[in-house]
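>>> Fold the following, please.
(2 chains)
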Amino acid sequence: MAVAFDEMNIPGGDLRPAYQELARWLKETPPEALEYRRQEAELLFRRIGITFAVYGDSESTERLIPFDVIPRIMSGKEWTLLEKGLKQRVKALNMFLRDIYHGRDILRAEIVPDDLIFQNPVFRPEMNGQQVPHDVYVHIAGIDIVRVDAEDFIVLEDNARTPSGVSYMLENREIMMRLFPDLFARHRVAPVERYPDELLSALRSVAPHSASGEPTVALLTPGVYNSAYYEHSFLADKLGVELVEGRDLIVKNNEVFMRTTEGLKRVDVIYRRVDDDFIDPLTFRPDSVLGVPGLMSAYAAGNITLANAVGTGIADDKAIYSYMPDIVKFYLGEEPILKNVPTWRCREPKDLAYVLDNLSELVVKEVHGSGGYGMLIGPAATKATIEAFREKLKREPEGFIAQPTLALSTCPTCTASGLAPRHVDLRPFVLTGSKSTTIVPGGLTRVALKEGSLVVNSSQGGGTKDTWILDE
Amino acid sequence: MLSRTAENLYWLARYVERAEYLARTIDATLRVTALPAAYIGKTNEWDSALLTAGVAESFYQTHEEANEHNVVDYLSFSADNPSSIRNCIEAARLNSRSVRTALTSEMWDTINSAWIELQEVWSKGTSTREDLAKFLRFVQETSLRFDGSAYRTMLRNDAYWFSRLGLHLERADNTARILDVKYHVLLPEEEHVGGPLDFYQWSSILRSVSALTAYHWVYRETLKPWLVADLLILNGTLPRSLASCYDNLVRNLDQIGVAYGRQGPAQRHARGIRNRLEHSNMNDIFQHGVHEFIQEFIADNSRLGEIITKQYLI
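The predicted structure follows:
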């Protein structure tokens, strides 16, 4: 594996321009002061209760995501390019989804193979021909971006279902501003706190036409035991909307209402953080207690907007991912601004053969997996693990894709033995309303805290950093 | 607001109030048991602590006898006792999490910080009296802080009123229970009124509701059972009295009624109880029987809880 691109240091000792002020400040700041602030930050996170639940971890049901106090900095120029690429990508994702559930031009043009859609468990036949309000499917997208050199941003994953992490983007900034006011004074950091406002207006803009007056928005959560519950309550609070659970909602005459102390109140837009499978027991999993019976018929009747729409999983599926550059070209007639990671589709025999021969070099992912679970990182795996994975791959090749091990860029990070480079990725959040697409400058930077590790997922021991876009 | 939110706020306030009350009960019991045997006779104060907490039955399902060690443990730390202080704080924190959007950050901070701190107490336990005293004080302070932050930071809207309903309903229940148990279980027939046992029993009642000083201010007298009962039942100036709780319940229900433009059975039922308290005097109550009076009150009070639940919370 090549030496990773470092976002702060140019090999040979020079600093990249965006980091010069930070480097000066780090030189003036004694390590104890940094450690003290780190502890203070942790205390703040714990007191505010910024935690996530770890499934299957009986020791502690709530954990803090480790927070690294060294910010990750990006120049305004870099951001402008990234922003353009993100908007392009999300626009294409939305057009793709509309097409898949309506005309299916892209299948007829044989750009994407039929069976990848129709045999895919995340494809929702219930959405065929259904009109979604304002033709927006992915209102909130979290696009995972990595860097491998000074020029290129590469999309690692499109999250088009219920992407999480935006509360960390906002809280990280709050805490950094509290702990390091002097450091902010020395930079011009583009603000991110407009996000809740932008989200609310995007959600309002896509209200169904049957909504009267000011549309009522609610945020639907699976409840306190969900790993992202903190985020759900945080966002509902910032948006000023009700945080509802399935049991708070009821469908009557194809309209959705919430139970309030003053009786039933109509809801027009649901920002739902409950997966498709659980959202309506009458349509999807009958054993789900998280959903709302009849929600899908209200949806079909055009009386409720679901954000994100039902069936968006087909666009962020890892099997579809490899076609994204073609998808962008097909709908927009433009070259994709953001690159894809080269991807081998194990369903294709030629690719599978290559993957099986090179397992120790590759990252192999489950097509439907998430959160860093069920993946093989070849270079870091033992022989036995690789062999076990080989059998899995042979049994069910269509369930996997493989990618080269990328040398993710690194950022300086506080570690037990002082500052050291650690691998990072970035998840910016792209909002699409009826009229416009917006992105607040920044996103969630996740950092692999273990030396050499490429796994940044919070469920696997990754941490987060504040992400600064410099206003130039 | 969402019915579930109102329900959570209501129960959150009840749990915090109950935790404080349990801490006071343990505290008062410890004081009495520290007295020489000549002063307190042969009664088992720990039994009465279980009774006032309303958990005697469940306690004896797993324990043979009530002593300081196992009662303190059961009331404070036991995970098996649904209304132990520990479970009250756990439940309060869980409720807080699910209605965070309806709480002010000060209220959340109080509950969450207490929960974090108490995690440590659970894991280490309280091996010494000092530890225990510190723990009990901490629980009472948490309740004070919670109550104070609600009072000082919440908007005066339905969220506030529902949480006050929980608080006063729970408080009324606690006061009524302690009176009832002390009056009928603790005072042995042969002990003549006014003896040292009597004195310490009544002062422990007052201490457990934080009203010992108040008693002297109001009556300027030595402790007398009927005056203690008068203070705790009928005196509207004492915040823990049944009368005062009902003034608050009626007021908060009225505010909800006005805000929603509609009165209902909860408003009528609460007003009925308050009127009965207003038109009672201690003579009548003693004639009727204090025990009977309080039993009826406890039933009426819990009936109000059911009516509120039906009218607003489900």
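>>> After the helix or strand of chain B with the lowest mean pLDDT, which helix or strand is next?
Least confident helix or strand of chain B, by mean pLDDT, DSSP states H and E, is helix B:37-40 with a mean of 66. Sequence order places helix B:45-52 as the next helix or strand after helix B:37-40, per DSSP states H and E.
>>> Against which helices or strands is that following helix packed?
The criterion is 3 or more C-beta pairs under 8 Å, 6 or more residues apart in numbering or on different chains; DSSP states H and E, and the helices and strands that helix B:45-52 contacts are helix B:3-33, helix B:56-62, helix B:68-76, helix B:158-181. C-beta coordinates here come from the backbone N, C-alpha and C atoms, glycine included.
>>> CA atoms only: put it into CSV for me.
Once non-C-alpha atoms are left out, helix B:45-52 reads as follows in CSV (Å, rounded to 0.1, in the frame of the first residue of the first chain):
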residue,chain,number,x,y,z
GLU,B,45,-38.6,1.2,62.3
TRP,B,46,-37.3,-0.6,59.2
ASP,B,47,-40.7,-2.3,58.9
SER,B,48,-42.4,1.0,58.9
ALA,B,49,-40.0,2.4,56.3
LEU,B,50,-41.0,-0.5,54.0
LEU,B,51,-44.7,0.2,54.7
THR,B,52,-44.5,3.9,54.0
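>>> what does chain B have sitting close to chain A?
Residues of chain B lying close to chain A (C-beta under 8 Å from any C-beta of the partner chain) are B:1-6, B:94, B:97-98, B:100-101, B:105, B:108-109, B:112-113, B:116, B:158, B:162, B:256, B:260, B:312-314.
>>> circling back to that earlier point, let's have the helices and strands packed on helix B:45-52 in CSV, adding mean neighbour count.
Below are the helices and strands packed on helix B:45-52 laid out as CSV (neighbours: other C-beta atoms under 10 Å in any protein chain shown):
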stretch, mean neighbour count
helix B:3-33, 24
helix B:56-62, 14
helix B:68-76, 19
helix B:158-181, 24
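>>> Can you lay out these as a markdown table showing mean pLDDT and distance to residue A:205?
What follows is the helices and strands packed on helix B:45-52, written out as a markdown table (pLDDT from 0 to 100; distance: least, C-beta to C-beta, whole Å):
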| stretch | mean pLDDT | distance to residue A:205 |
| --- | --- | --- |
| helix B:3-33 | 92 | 27 |
| helix B:56-62 | 93 | 55 |
| helix B:68-76 | 93 | 53 |
| helix B:158-181 | 93 | 29 |
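>>> so can I have TSV of the ones you listed showing distance to residue A:368?
Putting the helices and strands packed on helix B:45-52 into TSV (distance: least, C-beta to C-beta, whole Å) gives the following:
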stretch	distance to residue A:368
helix B:3-33	33
helix B:56-62	47
helix B:68-76	48
helix B:158-181	41
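>>> Tell me which of the ones you listed sits nearest to residue A:29.
helix B:3-33 (42.0 Å; C-beta to C-beta).
>>> elements contacting the closest one?
Contacting helix B:3-33 under the criterion 3+ C-beta pairs under 8 Å, 6+ apart are the following elements: strand A:255-260, helix B:45-52, helix B:68-76, helix B:85-98, helix B:129-153, helix B:158-181, helix B:196-208.
>>> Which pLDDT value belongs to residue B:192?
The confidence metric pLDDT takes the value 53 at residue B:192.
>>> now swap in residue A:258 and tell me
pLDDT recorded at residue A:258 is 97.
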